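Chemist: Here is a sequence together with a model predicted from it:
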Amino acid sequence: MKKSVLFFCLSFILFFLACLPGLASTLDFEKNGFTIDALEGEVGSKPYQVLVMFLPPTADGFAPNINVQIQPYTGALADYKALSKQQIENAGWELLELATPGKNVLILEFAGDGLHWYAKAVKDGDRVYLVTATASENFWGDLAEQLKSKVGSFKLKK
């Protein structure tokens, strides 16, 4: 009985500590091999799902968001860069930034159809980790700093 009570108390304390603000601000995707800083927004009049990194919808009804995709890709980052540029142009969107700030890192910023995207692609072996922030063009100016900093916080665990 004493062991059960002790186990329960320790479990409760660990759970409580893990939920304290500031201690759970980085999400750790152990099975997928990366961490990313959590995106938090003020809860407004409409609900949103924090786990999938959505901010509350803006006045135009679009919920700004960040997503992480793991894409199988055996080609070089230069090929991925060219493919991305071609896809953006084929969609009729405006390419605002296309940079390779590191050996295996690509930064893209583009806009079109009333939306604005900022993305970081990280090549690792036979895959690309693509982290993308999206907001409506009308609210990008208000949200860009917050969204870009979260995308920039993405790190592979090695």
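Modeler: Good, I have the coordinates.

Chemist: the strands in this protein, which residues?
Modeler: Read by DSSP state E, the chain holds these strands, from start to end of the chain: 26-29, 34-37, 65-72, 94-102, 105-112, 115-124, 127-136, 155-156.

Chemist: To residue 57, which of those strands lies closest?
Modeler: Closest approach to residue 57 among the strands of the chain (C-beta to C-beta): strand 127-136, 9.3 Å. For glycine as for every other residue, the C-beta is placed from the backbone atoms N, C-alpha and C.

Chemist: who's in contact with that closest one?
Modeler: Defining contact as C-beta atoms under 8 Å, 6 or more residues apart in numbering, one finds that strand 127-136 is touched by 34, 36, 55, 58, 60, 62, 64-73, 80, 114-122, 143-144, 147-148, 150-151, 154, 156.

Chemist: roughly how far apart are the closest residue to residue 76 other than its chain neighbours and residue 137?
Modeler: Excluding the flanking residues, the one nearest residue 76 by C-beta to C-beta, 6 or more residues apart in numbering is residue 123, at 7.9 Å. Residue 123 sits 29 Å away from residue 137, taking C-beta to C-beta, to the nearest Å as the criterion.
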